[in-house]
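In: Just the structure for this:
(one chain, ligands or ions: 2)
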Amino acid sequence: MLINPDPITARDLLLQYAAPVNAEQLPLSLCAGRILAEDLTAAENIPPFDRSPYDGYAFRAEDTAFASEETPVTLTVLEEIPAGSVPTKTVVSGTAAKVLTGSPIPPGADAVIKYEDTVFTQETVCLFSPVRSGSNIVRTGEDVQKGAVLARCGTVIDPGLAGTLASQGKARPPVYRKPRVAILSTGSELVEADEPLPPGKIRNSNRYMLEAALRNAGCEPVCFGIAVDTVAAIANALEQCFARCDAAVITGGVSAGDYDVTPDAMEQIGAQLLFRGAAIKPGMACAYGIRSGKLICGLSGNPASSLINFYAIALPALRRLAGCRDPLPEEITVTLNRDFHKSSPTTRYLRGQLCLKNGTVSMDFSKEQGNVVLSSSIGCNVLAVIPAGSGPVAAGTKLKGYLL
Ligand code: AMP
Ligand code: MG
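Out: Ligands and ions are numbered 1, 2, ... in the order given. You can find the predicted model right below:
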């Protein structure tokens, strides 16, 4: 077991223990935001046949070799081929077929001209200049070649991928099941948000905070209520979590105080502790473990601490569980738009928001960056990393940041 690893070591270690859950097949209409569970290989060419990009006429290019304004070429129109129908005649020298956008090119024809560039009647079409063979024909497979890999397993189904799946006839694609992640709150002082608040008690914010964070991560949160601060109560609740879920997130009781029994409860149910504590502020107190291949993320009870630790360490592993191919957050450089007054003996993750002003992106943040101030996490979409050993940091400083 590691003690106080740096957050990147902790995050990467956890990721090694996370493998995607199983897949299910869902109607494509329900797949937005889900994660594709196989490579999407094109089974068909798109378009499936040579087709016309315009309303116009298909003909043999060689017929127009000597066409000019003075000596136009007149072709006999054999038939009209609306989109969705098939040609019935072969275009031979001296003939043409009327085509519409999306209609198949008839056999014999090797060029198309837009109707605007011709003079036509019902029976004939006149062309006034030579046209090269192959002009204005969209070739079979020009958009998508049969056999091409269109999307990798683990890609989020966005509008582009949803449409691409449909174009390949994948009406029920395999997607990863959403991992069920248990949320267990520990603390004898907690009551739920909809309960009256007796003296000495506080509301359980972590549960709702983590429910939101897990949903955003593509997981299905399952709440297991509040356990009081005893090994037996927490161990018993954890057993229930693992009976139904793929992983668990538990808050409270991970520091070194008298009532901090969460790690003991984790060991009681046979979990192997991977690390205790992490060199990150906020979020130093934590205990992570694994039990029968399932992750337990033990976070601080302090809401902001818990959230930052979750983002920095737990989130990529949970996204991997959900099937995500690239679960690590995007690394960016952020420019602070104000001073941060405190020094940072330990690596500090500043929570804030990217803001776009006059075409420049900077990071806005509250000066309240402590363990308990959850409200300064509202709207948080970026974490900036102040390296360990830094003094106060001035506005304009560029820092490594993680996009959430
Ligand atoms: P702990 O990590 O158990 O030492 O708790 C640290 C602080 O966080 C204490 O002040 C707790 O009352 C508070 N706390 C614990 N759990 C929660 C929770 N679920 N929601 C809000 N605050 C909590
Ligand atoms: Mg506690």
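
In: okay, which residue is most central for the chain?
Out: Within the chain, one residue has its C-alpha closest to the average C-alpha position: by Cα atoms, centre = their mean, that is residue 156, at 4.5 Å.

In: Excluding chain neighbours, what is closest to that residue?
Out: Leaving aside its sequence neighbours, residue 156 sits nearest to residue 35 (Cβ to Cβ, 6 or more residues apart in numbering; 5.7 Å). (Glycine included, C-beta is placed from N, CA and C.)

In: in the stretch 201-350 of the chain, what residue is nearest ligand 1?
Out: The minimum distance from the stretch 201-350 of the chain to ligand 1, using Cβ to the nearest ligand atom, falls at residue 301 (2.4 Å).

In: and the nearest residue to that residue once chain neighbours are set aside, how many residues sit next to it?
Out: For residue 301, ignoring the flanking residues on the chain, the nearest one in space by Cβ to Cβ, 6+ apart is residue 252 at 3.5 Å. Residue 252: 29 surrounding residues under other Cβ atoms under 10 Å.

In: mind listing what residue 252 touches?
Out: Neighbouring residues of residue 252 by Cβ atoms under 8 Å, 6 or more residues apart in numbering: 185-187, 190, 206, 229, 262, 300-301.

In: follow-up on the earlier one: next, the contact list for the residue nearest to the centre of the chain, please.
Out: Contact criterion Cβ under 8 Å, 6+ apart gives 33-36, 324 as the residues in contact with residue 156.

In: Residue 349 too?
Out: Listed by Cβ under 8 Å, 6+ apart, the contact set of residue 349 reads 7, 280-283, 308, 311-312, 383-386.

In: what's the answer for residue 321, then?
Out: By Cβ under 8 Å, 6+ apart, the residues touching residue 321 are 18-21, 179, 181, 219, 246-247, 295.

In: ok now stretch 240-250, how far from the chain's centre?
Out: Once both centres are worked out by Cα atoms, centre = their mean, to the nearest Å, stretch 240-250 turns out to sit 24 Å from its chain's centre.

In: Now residue 350, what are its backbone angles?
Out: For residue 350, the backbone dihedrals (degrees, to the nearest 10) come out as phi -90, psi 130.

In: tell me the mean pLDDT over the longest helix seen in the chain?
Out: The helix spanning the most residues in the chain, taking DSSP state H as the definition, is helix 231-244. Average pLDDT, helix 231-244: 98.

In: That one and ligand 2, any residue contact?
Out: No: under the criterion of Cβ under 5 Å from the ion, helix 231-244 makes no contact with ligand 2; the nearest approach is 10.5 Å.

In: For that helix, which helices and strands make contact with it?
Out: Counting contacts by 3 or more Cβ pairs under 8 Å, 6 or more residues apart in numbering; DSSP states H and E, the secondary-structure elements packed against helix 231-244 are strand 180-186, strand 220-227, strand 247-251, helix 262-268.

In: Let me see the residues that make contact with the lowest-mean-pLDDT helix or strand in the chain.
Out: Sorting the helices and strands of the chain by mean pLDDT, DSSP states H and E puts strand 360-364 at the bottom, at a mean of 90. When contacts are taken as Cβ under 8 Å, 6+ apart, the neighbours of strand 360-364 outside the stretch itself are 334-338, 350, 352-355, 382, 384, 399, 401.
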